[in-house]
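S.K.: sequence first, predicted model second:
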Amino acid sequence: MNKQFIIVAALAAFLVVAGPDAAAVSGPGSAQMEDGTGAQVQNQTQVQNQGETTQVQTREQEAAMVGVGAGAVLAEQRRSRVANAVQAMLQVAERNDGIGAQVRTIAQTQTQNQEKLEAGLQKLVGRSSFVKFLIGPDYGEIKAAARLLEKNRDQIRLIEQFKDQVADQADLQELESQLEVLTQVNSEIEYAVGSAEKGFSLLGWMFRLFAK
């Protein structure tokens, strides 16, 4: 009986002593597993977020490239339309001595102005969204474009005054048709410049005041 009591007491004492050790061993291990799992989930979340951010940035860059490409195509189309209109007007001028010199001068000026307008519009559209948000669009280019557009309109009105000096009906119709092309291109440029000017900016009001 004493032997059994001694054995039971010894086993109980062993369990009491071993219990905390076992808990100490299993505790940190479990914590490490939990920490490892948490870190793994966190890393996966970070990688996923970074991937989504990269995809968004890529889509924005692609959209910007598409916008720039489309703008370049439209600019080339406008140049071509103006060049064709000017060429047709010069042919009319050659057949009508009374308005020849004036039409030639105005036609050449329209071509030069168109190049300047397209170059200015490219600068306006090419301004980054951050710079535009901070200081606004290039107000200097906007004012320069406005002056050129007004000059174009004045020249178109001047040629319209010469139409009664064109005797041939076919030449008159050709001249009116090309003036309509120039007027349409002028309107397209004006709309594009106006669109580039829109939008909120922090300091745009100040830069607008000093733009020439």
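M.R.: That came through, no problem.

S.K.: how about the helices in the protein?
M.R.: 2-95, 97-126, 129-135, 139-162, 169-197, 204-210 (DSSP state H).

S.K.: quick one: average pLDDT of the first one?
M.R.: Confidence over helix 2-95, taken as the mean pLDDT, stands at 59.

S.K.: same thing with the last one?
M.R.: The average pLDDT within helix 204-210 is 76.

S.K.: which helices and strands does that helix pack with?
M.R.: Counting contacts by 3 or more CB pairs under 8 Å, 6 or more residues apart in numbering; DSSP states H and E, helix 204-210 packs against helix 139-162. The way it works is simple: take the backbone N, C-alpha and C, and place the C-beta from them, glycine included.

S.K.: what residues of the helix it packs on count as buried?
M.R.: Residues of helix 139-162 classed as buried by neighbour count (16 or more other CB atoms under 10 Å): 139, 141-142, 144-145, 148-149, 152, 155-156, 159, 162.

S.K.: can you check stretch 96-104 too?
M.R.: Residues 96, 99, 102-103 are the ones in stretch 96-104 that count as buried (16+ other CB under 10 Å).

S.K.: just the closest of those residues to residue 89, please.
M.R.: Distances from residue 89 to these, taken as CB to CB, are shortest for residue 103 (5.6 Å).

S.K.: quick one, what contacts residue 99?
M.R.: Neighbouring residues of residue 99 by CB atoms under 8 Å, 6 or more residues apart in numbering: 93, 159, 162, 165-166.

S.K.: the same query, at a cut-off of 7 Å, please.
M.R.: Contact analysis of residue 99 by CB atoms under 7 Å, 6 or more residues apart in numbering lists 93, 162, 165-166.

S.K.: of these - the most surrounded one?
M.R.: Of all the contacts of residue 99, residue 93 has the most neighbours under the rule other CB atoms under 10 Å, reaching 24 neighbours.
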